[in-house]
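Asker: With the input below, show me the fold.
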Amino acid sequence: MTTTRSQADACTWLDTDHKAVKKMFKAYDELTSSRARGVDEKKRELAREICQALTVHATLEEEIFYPALRQALKQTDILAEAEVEHAGAKDLIAQIEAMQEPDEAFDARVKVLGEYIDHHVKEERNEIFPKARAARGVDLVAMRDALQARKEALMGMEPA
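Answerer: The predicted structure is shown next:
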């Protein structure tokens, strides 16, 4: 089954996640220049939300999206590269989560994580998503539903 742009498929669904995280990184960046009282706590909480969102997103891609594409695509080197990018992001996430106080090093790690994610998202949008949409035997609409269900399970949410 092929999908059209008007149907919300797995790629569109994943990209909605990308956009939400991009907004969180932008909000974090704005907080780094703030001198308001309580800004460190806000930065720590927002960084925690970013890390959780990215951890869940990477899990979804690694458990559902990438394996389905590995089955359908002849050339999977782009998926291997994406998985290496995930490993780099997970390392930064672990460093951020281990830090106690938002200081310059904390801010730098969040900034670099955002840069990693920007690069990763561009590759997914420009290379992986078009290949996924062109692949035979990949039902991206059904996969969207599987991604949503798994995200709800990972986040401890009740299904919609």
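Asker: Gln75: which element?
Answerer: For Gln75, there is no host helix or strand (DSSP states H and E).
Asker: Secondary structure class of the nearest residue to Asp40 once chain neighbours are set aside, three-state.
Answerer: Distance criterion C-beta to C-beta, 6 or more residues apart in numbering; nearest residue to Asp40, sequence neighbours excluded, is Pro102 at 4.8 Å. All C-beta spots, glycine's among them, are computed from the backbone N, C-alpha and C. Following DSSP: H, G, I helix; E, B strand; the rest coil, we place Pro102 in the coil state.
Asker: Number the chain from 25, please
Answerer: Renumbered: residue one is now 25, and that last one reads Pro126.
Asker: Surely Pro126 and Lys67 touch.
Answerer: Yes. At 4.2 Å, Pro126 counts as touching Lys67 under the criterion of C-beta atoms under 8 Å.
Asker: Show which residue of the protein lies farthest from the average position.
Answerer: Taking C-alpha atoms, centre = their mean, the residue of the chain most remote from its mean C-alpha position is Arg61, at 30.3 Å.
Asker: For stretch 84-91, what is the distance to the chain centroid?
Answerer: Averaged C-alpha coordinates place stretch 84-91 at 12 Å from its chain's average position (C-alpha atoms, centre = their mean, to the nearest Å).
Asker: Could you give me the buried positions within that stretch?
Answerer: Residues of stretch 84-91 classed as buried: Leu84, Glu85, Ile88, Phe89, Tyr90 (neighbour count, 16 or more other C-beta atoms under 10 Å).
Asker: Tell me which helix or strand the first one sits in.
Answerer: Secondary-structure element containing Leu84, defined by DSSP H and E: helix 63-84.
Asker: Which elements pack onto that helix?
Answerer: Helices and strands touching helix 63-84, by 3 or more C-beta pairs under 8 Å, 6 or more residues apart in numbering; DSSP states H and E, are helix 34-56, helix 101-122, helix 128-147, helix 164-178.
Asker: Those helices into JSON lines, with extra columns for distance to Ala156, mean neighbour count and mean pLDDT?
Answerer: What follows is the helices and strands packed on helix 63-84, written out as JSON lines (distance: least, C-beta to C-beta, whole Å; neighbours: other C-beta atoms under 10 Å; pLDDT from 0 to 100):
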{"stretch": "helix 34-56", "distance to Ala156": "6", "mean neighbour count": "16", "mean pLDDT": "96"}
{"stretch": "helix 101-122", "distance to Ala156": "10", "mean neighbour count": "15", "mean pLDDT": "96"}
{"stretch": "helix 128-147", "distance to Ala156": "12", "mean neighbour count": "16", "mean pLDDT": "95"}
{"stretch": "helix 164-178", "distance to Ala156": "6", "mean neighbour count": "16", "mean pLDDT": "96"}
